[in-house]
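Chemist: Okay, here's the prediction I keep looking at, along with the sequence it came from:
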Amino acid sequence: MPPKAAASRPAAAKKKAPIHKLPDPIRDGEIVRDIQKRQWRLGKSIGVGGFGEIYAASDNIDKQVNAADAQYVIKIEPHSNGPLFVEMNFYIRVAKADFINEWITSNKLKFLGMPRFIGSGSHEYKGEKYRFMVMQRFGIDVQKLFDANQRRFPLNTILNLSLRIIDVLEYIHAKQYVHADIKGSNLLLGFGKGGEKQVWLVDFGLACRYTVDGVHKEYRPDLRKAHNGTIEFTSRDAHIGANGRRGDFEILGYNMLQWMCGRLPWESKLTDPEFVASQKNKYMSNIPALIQECFPAKNAPAVMVKFLEMVANLKFEEKPNYDKFRQLLRQGLKDGGFPDDGALVFPHLNKGAASSSVRSSPKKRSAPPPLPTDDETENGNVKQKAKTSIKKSREPCSPKVTNR
């Protein structure tokens, strides 16, 4: 039986989107102390995001930080912002090294591209209060490589990237979180020699729980969160403000499709979220039409068709069969004549490119709101879930339930 459409609701009143203040530059050599009393020395700024700034950093506070080979970075935002607060809380709950190492061992993995939590805290500089998070240093992002390669990746690279991403999704889903913003600019290669063989899923500023007390949230429109994510990849669920595990797989599917064909059918009107949502509903209910639109002059790889079909058949509260998705991708490698060796082939990855700095362009996504700045709440054990959404400055689409 086809799903019933949700009752139409009055449009939410339009509000101005909050403007997130970028931090003033912090001097090279500034010392910050995290909540575990470890000291870190800041080097030069190596990147600016939509909400904060990223500095090279070192745990050797007596020596000037060399940005070219620093093994750590520190992400900093003013306390009046909120995205880093959300991300810090996620890392504290989910990304402790012991948790990740135990998962790798129990699942017999060679590698898991889930960044480890290193440290966080608050710091005052020139009378302004900042929050910060210490992170391991990463290399170039996949989006830059995609653009440099005329917006196409080899099939084996796409499938091996997707296998690595599914491994991370299985881990964070087991911790009752979804990522909600998978995209090339949030996939970073490792830093330094050999780093090009690794890929890490980063930026958990939109990560949120899909359960309440261990029970999956109901499939219910939430206009406050409608269209959250990066618009070209946002899942149909997220377009109405719902978040679940299948949404992460749908987002991954759209990335795979773009990596294969270069452009998604709805990319001509990304400023119109209602149009984008309607196109996704249209095409995900008619996958042959989507494939024909994306591959008008040639046959699409069978693995892409099957992947999207599997995503379309998932129920909102259903646990994805991670092994089945991985088996599909490995079969795609076999059908394409590629070895199952995990190789990431980037034709335009120059020597040393894996040591590139952190990306610097703002995110195309909805921003979490400013959050509490109480030191005890932020720097101690987190007891309450941080909210991750805002009301939009535009009117969301009518919350029609079309794909439950």
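Modeler: Structure's in. What do you need?
Chemist: Show me the domain layout of this protein.
Modeler: Residue ranges for the domains of the chain, per automatic domain parsing: 31-137+363-379, 139-353.
Chemist: comparing these, which gets the lowest mean pLDDT score?
Modeler: With a mean of 86, domain 31-137+363-379 has the lowest mean pLDDT of the domains of the chain.
Chemist: Against residue 220, how distant is the residue nearest to residue 295 when sequence neighbours are not counted?
Modeler: Excluding the flanking residues, the one nearest residue 295 by Cβ to Cβ, 6 or more residues apart in numbering is residue 261, at 5.9 Å. In short, each C-beta sits where N, CA and C put it, glycine included. Separation of residue 261 from residue 220 (Cβ to Cβ, to the nearest Å): 33 Å.
Chemist: Between the two, which is the more surrounded one?
Modeler: A count of neighbours by other Cβ atoms under 10 Å puts residue 261 above the other of residue 261 and residue 220, at 19 against 12.
Chemist: ok, now which ones touch the more buried one?
Modeler: 294, 295, 300 (Cβ atoms under 8 Å, 6 or more residues apart in numbering).
Chemist: Residue 76 too?
Modeler: Contacts of residue 76 by Cβ under 8 Å, 6+ apart are 23, 26, 52, 53, 54, 55, 84, 123, 130, 131, 132.
Chemist: Can you name the helix or strand that it falls in?
Modeler: strand 72-78 (DSSP states H and E).
Chemist: Kindly export that strand (C-alpha atoms) in PDB.
Modeler: Taking C-alpha atoms only, strand 72-78 is exported to PDB below (Å, rounded to 0.1, in the frame of the first residue of the first chain):
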ATOM      1  CA  TYR A  72      47.500  18.300  14.600                       C
ATOM      2  CA  VAL A  73      45.100  21.100  13.800                       C
ATOM      3  CA  ILE A  74      42.800  23.000  16.100                       C
ATOM      4  CA  LYS A  75      39.400  24.200  15.000                       C
ATOM      5  CA  ILE A  76      38.200  27.400  16.700                       C
ATOM      6  CA  GLU A  77      34.900  29.200  16.800                       C
ATOM      7  CA  PRO A  78      33.500  32.000  19.000                       C
END
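Chemist: Numbering from 16 from now on, please.
Modeler: Got it, the first residue is 16 from now on, which makes the last one we talked about strand 87-93.
Chemist: can you put the contacts of residue 91 in JSON lines and add secondary structure and neighbour count?
Modeler: Compiled in JSON lines, the contacts of residue 91 are given as follows (DSSP: H, G, I helix; E, B strand; the rest coil; neighbours: other Cβ atoms under 10 Å):
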{"residue": "38", "secondary structure": "coil", "neighbour count": "21"}
{"residue": "41", "secondary structure": "coil", "neighbour count": "20"}
{"residue": "67", "secondary structure": "coil", "neighbour count": "25"}
{"residue": "68", "secondary structure": "strand", "neighbour count": "22"}
{"residue": "69", "secondary structure": "strand", "neighbour count": "21"}
{"residue": "70", "secondary structure": "strand", "neighbour count": "28"}
{"residue": "99", "secondary structure": "helix", "neighbour count": "25"}
{"residue": "138", "secondary structure": "strand", "neighbour count": "20"}
{"residue": "145", "secondary structure": "strand", "neighbour count": "22"}
{"residue": "146", "secondary structure": "strand", "neighbour count": "25"}
{"residue": "147", "secondary structure": "strand", "neighbour count": "26"}
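Chemist: any chance you could map the strands in the protein?
Modeler: When secondary structure is read from DSSP state E, the chain shows strands at 46-48, 54-63, 68-73, 87-93, 134-140, 143-151, 153-156, 192-193, 202-205, 214-216, 223-224, 226-227, 230-231.
Chemist: Walking through this structure, point out its helices one by one.
Modeler: 98-109, 112-121, 157-163, 170-189, 251-254, 260-276, 288-299, 302-309, 317-327, 337-350, 390-394 (DSSP state H).
Chemist: helices or strands next to the fifth one in the packing?
Modeler: For helix 251-254, the elements it packs on are helix 260-276, helix 288-299, judged by 3 or more Cβ pairs under 8 Å, 6 or more residues apart in numbering; DSSP states H and E.
Chemist: Can you tell me which of those helices is nearest to residue 152?
Modeler: For the helices and strands packed on helix 251-254, the distance to residue 152 is smallest for helix 260-276, at 24.0 Å, taking Cβ to Cβ.
Chemist: Figure out how far stretch 144-155 is from the centre of its chain.
Modeler: 15 Å (Cα atoms, centre = their mean, to the nearest Å).
Chemist: do stretch 311-327 as well
Modeler: That offset, for stretch 311-327, works out to 23 Å (Cα atoms, centre = their mean).
Chemist: Name the residues of it that are buried.
Modeler: Within stretch 311-327, the residues that count as buried by 16 or more other Cβ atoms under 10 Å are 315, 316, 318, 319, 320, 321, 322, 323, 325, 326, 327.
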